[in-house]
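> structure, please.
(one chain, ligands or ions: 1)
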Amino acid sequence: VTSWTVRQFEEVSYQVRRTHLVLNPANDALARAARFAAGSRRLFIVDWQVDELHGGQLREYIHHFRVKGTVVPVRSGEPNKTTNTVLGIFDAIGSLKINRRDPITVIGGGVLTDVVGLAASLYRRGTPYVRVPTTLVGLIDAGVGIKTGMNYNGMKNLIGSYYAPTQVLLDPAFIRTLPERHIRNGLAESIKLGIILDRALFELIDANLREIIDSHLNSPVGDELIDRSVDGMLNELRRNLWERELRRLVDFGHTFSPRLELLSNGELLHGEAVAVDMALSCVLAGGRGLMPEDDVIRSIVLLARAGLPVAHRLCTPEQCSEALAETVRHRDGNQHCPLPTGIGRACFVEDLSGGEIASAVEQLTKYVESMEL
Ligand SMILES: NC(=O)c1ccc[n+]([C@@H]2O[C@H](COP(=O)([O-])OP(=O)(O)OC[C@H]3O[C@@H](n4cnc5c(N)ncnc54)[C@H](O)[C@@H]3O)[C@@H](O)[C@H]2O)c1
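The predicted structure follows:
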């Protein structure tokens, strides 16, 4: 037998920067990230809603730096996370005739950064791209890691890749135009990090919730929330970028929620389904004596005060058991279920039973009724 072995390691390195007013010509962060040179061609793939609201500013920015920019608006929302959208992005890149190493820029929410990231990972087997997230989910979660994806055959993110952007620019000013429901949706992911690994983040949200929502995070507390959330998220992601380790704390709230989100057929946004899952998971943790009851109640109350659902008609013992079975397949045959052991701390459990889930659903209903949420 004659054999050859190839062994190589690829370094992944990218910067995530919070910056202020990224589309103001006085701020050259985007011009640098997208390597603007006068007269060069650049492609900007922009969420259609963001284009309506901020497209004028983007075109002025491009004009200011004397770049031949083409802005392509793309429809977002979960139903557009499809093959057709990815193919459309290939066509947009192809028609512009940009050089192979010229970065493209995606400006939009998690749906757009996921599909453009996927297209960029495939086009010429890898085209550099810059991410500018414009939703709270994007700023603290979808925009900062290296996962890309699209939905396929009724499954969320079934097709995807790990493909790092060259740079991520976070500008909270985009959140000023984000509808309140989407702010609450993003807050679910911050509260998740607070419960599972950062008590100070939980306390920050708990103490300043009204101001955070009213200011659309454009306040010092909003900046602090974003910084702490990104910090917590990146600390978890950076040591497990390719998810070789399937025990992930950031999967808290993502054990039962994928099925709830899917079954709700668009009624529940991602963060809303995650909130129901987190409430149930806290009750499960309380039932095992892992989480003090006061912390269970505080967590559920904060989720509810943030305008997130903590119970849902689809959250039945049967559906939750089915959801757990699906998650076990996703986690390669293990439950790896993160449960809090108090606010800001967590462990993993591997032996949740159907009976335990049924009792937790019942207990959660009792809590919700007694709290009159
Ligand atoms: N790659 C990852 O690691 C990762 C992590 C978390 C979530 N995600 C993905 O993110 C997606 C959800 O992201 P999302 O919640 O940002 O949804 P989204 O991209 O659909 O955006 C939500 C809505 O907000 C609008 N919008 C975007 N920015 C706006 C702005 N500044 N002002 C006004 N409207 C604006 C969009 O047009 C859309 O209608 C899901 O598909 C999920 O799978 C990916």
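
> spit out the contact partners of residue 126.
By CB atoms under 8 Å, 6 or more residues apart in numbering, the contact set of residue 126 is 120, 163. Where you see a C-beta, it was placed from the backbone N, CA and C, and this is true even at glycine.

> next: residue 232.
Counting by CB under 8 Å, 6+ apart, residue 232 makes contact with 193, 197-198, 201.

> same thing but at 6 Å, please
With contacts defined as CB atoms under 6 Å, 6 or more residues apart in numbering, the neighbours of residue 232 are 193, 197-198.

> a strand runs through it, doesn't it?
No - with DSSP: H, G, I helix; E, B strand; the rest coil as the criterion, residue 232 is assigned helix and is not in a strand.

> okay, now the residue nearest to it when sequence neighbours are not counted: neighbour count?
Beyond its immediate neighbours in the sequence, the residue positioned closest to residue 232 (CB to CB, 6 or more residues apart in numbering) is residue 193, lying 4.3 Å away. For residue 193, the tally of surrounding residues (other CB atoms under 10 Å) stands at 27.

> what about residue 193, helix or strand, and which?
Residue 193 belongs to helix 180-197 when elements are defined using DSSP states H and E.

> does that helix reach the ligand?
Yes - shown here: helix 180-197 in contact with the ligand (CB under 6 Å from any ligand atom) through 182, 185.

> tell me what angle the following helix or strand past that helix forms with helix 180-197.
Next in sequence after helix 180-197, counting helices and strands by DSSP H and E, comes helix 199-214. Going by axes from the mean of the first three to the mean of the last three CA atoms, to 10 degrees, helix 199-214 is angled at 170 degrees with respect to helix 180-197.

> export helix 199-214 to PDB, keeping only CA atoms.
Taking only C-alpha atoms (Å, rounded to 0.1, in the frame of the first residue of the first chain), the coordinates of helix 199-214 have been written out as PDB:
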ATOM      1  CA  ARG A 199     -25.000  37.200  36.700                       C
ATOM      2  CA  ALA A 200     -23.900  40.900  36.300                       C
ATOM      3  CA  LEU A 201     -25.500  41.000  32.800                       C
ATOM      4  CA  PHE A 202     -28.700  39.600  34.300                       C
ATOM      5  CA  GLU A 203     -28.700  42.200  37.000                       C
ATOM      6  CA  LEU A 204     -27.900  45.000  34.400                       C
ATOM      7  CA  ILE A 205     -31.000  44.000  32.300                       C
ATOM      8  CA  ASP A 206     -33.200  43.500  35.400                       C
ATOM      9  CA  ALA A 207     -32.400  46.900  36.700                       C
ATOM     10  CA  ASN A 208     -32.500  48.800  33.400                       C
ATOM     11  CA  LEU A 209     -35.000  47.000  31.300                       C
ATOM     12  CA  ARG A 210     -37.400  49.900  30.600                       C
ATOM     13  CA  GLU A 211     -34.500  52.200  29.600                       C
ATOM     14  CA  ILE A 212     -32.900  49.500  27.500                       C
ATOM     15  CA  ILE A 213     -36.100  49.000  25.500                       C
ATOM     16  CA  ASP A 214     -37.100  52.700  25.400                       C
END
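
> which residues outside it are in contact with it?
193-194, 221-222, 228, 302, 305, 343-344.

> helices or strands up against the helix or strand where residue 131 lies?
Using DSSP H and E, the element containing residue 131 is strand 129-133. Contacting strand 129-133 under the criterion 3 or more CB pairs under 6 Å, 6 or more residues apart in numbering; DSSP states H and E are the following elements: strand 104-108, helix 110-122, strand 167-170.

> any figure for the gap between residue 302 and residue 205?
Separation of residue 302 from residue 205 (CB to CB, to the nearest Å): 7 Å.

> same deal with residue 284?
In this structure, residue 284 lies at 22 Å from residue 205, with CB to CB as the measure.

> tell me which of the two has more neighbours.
Neighbour count, other CB under 10 Å: between residue 284 and residue 205, residue 284 has more, with 27 against 22.
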